[in-house]
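Engineer: Structure for the following, please:
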Amino acid sequence: MTTMENSNYNRIYLDPSGGISGDIFSASLISMGADSERVISAMVTAGKELGEIDINPVLSADGATQLRIDLKPTHPHIKGQRAKEI
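Structural biologist: Here you go, the predicted model:
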């Protein structure tokens, strides 16, 4: 057995050189077995910095998770430094 096969850890390799969509990435983590409540809770916590947020996981026809996100911003614009802090 190799070290990876014997490991209790799963690994994900990302190459976001062309960018990455946070909602799709988060949904893929859930589809791969991440705790959906923890993932969504973290997203809600971050989203509350921007406004009112509602996140609902939905299963697609092929069984993959999709996240329906409804964000109602309470701030007209967040300046760059504040966005980095969030």
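Engineer: can you pull the contacts of the residue nearest to residue 29 when sequence neighbours are not counted?
Structural biologist: In space, and not counting its chain neighbours, residue 29 is closest to residue 39: 5.9 Å by C-beta to C-beta, 6 or more residues apart in numbering. (C-beta placed from N, C-alpha, C; glycine too.) By C-beta atoms under 8 Å, 6 or more residues apart in numbering, residue 39 lies in contact with 26, 29, 30.
Engineer: what about residue 39, which helix or strand?
Structural biologist: helix 36-47 (DSSP states H and E).
Engineer: Can you tell me how far the spatially most central residue of the chain is from residue 76?
Structural biologist: Most central in the chain under C-alpha atoms, centre = their mean is residue 26, positioned 2.7 Å from the mean C-alpha point. Per C-beta to C-beta, to the nearest Å, residue 26 is found 26 Å from residue 76.
Engineer: can you check residue 33 too?
Structural biologist: For residue 33, the distance to residue 76 - C-beta to C-beta - is 39 Å.
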